[in-house]
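Chemist: Mind looking at a prediction? Sequence and model below.
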Amino acid sequence: MAPAASGSIPSSASVSADFNVQALISLALKLSQQGIPYVYGGSDLSGFDCSGFVAYVFKNAVGINLPHNTVYQESMVSKHSVVDARPGDILFWGDPGTSYHDAVYIGNNQYVAAPVPGKNVEVETISPYFQPSFAGTVIH
């Protein structure tokens, strides 16, 4: 990525999603209504873990292949603050390089995730009790 021109916003903030964000959000929301369970290591419609869900949505909605691992998915994004998250970004929990959970941000303080064993893929609201650590816009 080229450096930002003088007087412009930093290059990490100027990355924009050049894929169909609406298709991404639409698929994530559709999956949240299908009763798909959390399954550790899951990466298909029979069950997802968090990074398997994120990878599935990006591949099937917009054709972007992401690895099935939160830390490896971090390497495919331009990181920024959660307050600057835009629909279609990935939210990450944990420090960069050691993230342990992620989800697809859909806007309005909400995201779709495969949360934990015993729960299905669902829409959740960002909460001070389980606050994402950072967000990332996929670079491809």
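Modeler: On my side now, so go ahead.
Chemist: center of this structure, which residue is that?
Modeler: In the chain, the C-alpha nearest the mean C-alpha coordinate belongs to Ile90, at 2.3 Å (Cα atoms, centre = their mean).
Chemist: what's that one in contact with, if anything?
Modeler: 54, 73, 77, 102-105, 135-136, 138 (Cβ atoms under 8 Å, 6 or more residues apart in numbering). For glycine as for every other residue, the C-beta is placed from the backbone atoms N, C-alpha and C.
Chemist: Direction included, what does the host helix or strand of Val112 pair against?
Modeler: Using DSSP states H and E, the element containing Val112 is strand 110-113. Sheet pairing of strand 110-113 (DSSP bridges) gives strand 101-107 (antiparallel), strand 122-125 (antiparallel).
Chemist: quick one, what contacts the closest residue in space to Gly107 that isn't next to it in sequence?
Modeler: Nearest residue to Gly107, sequence neighbours excluded (Cβ to Cβ, 6 or more residues apart in numbering): Pro87, at 4.0 Å. Contacts here follow Cβ under 8 Å, 6+ apart; on that basis Pro87 touches 21, 25, 105-107.
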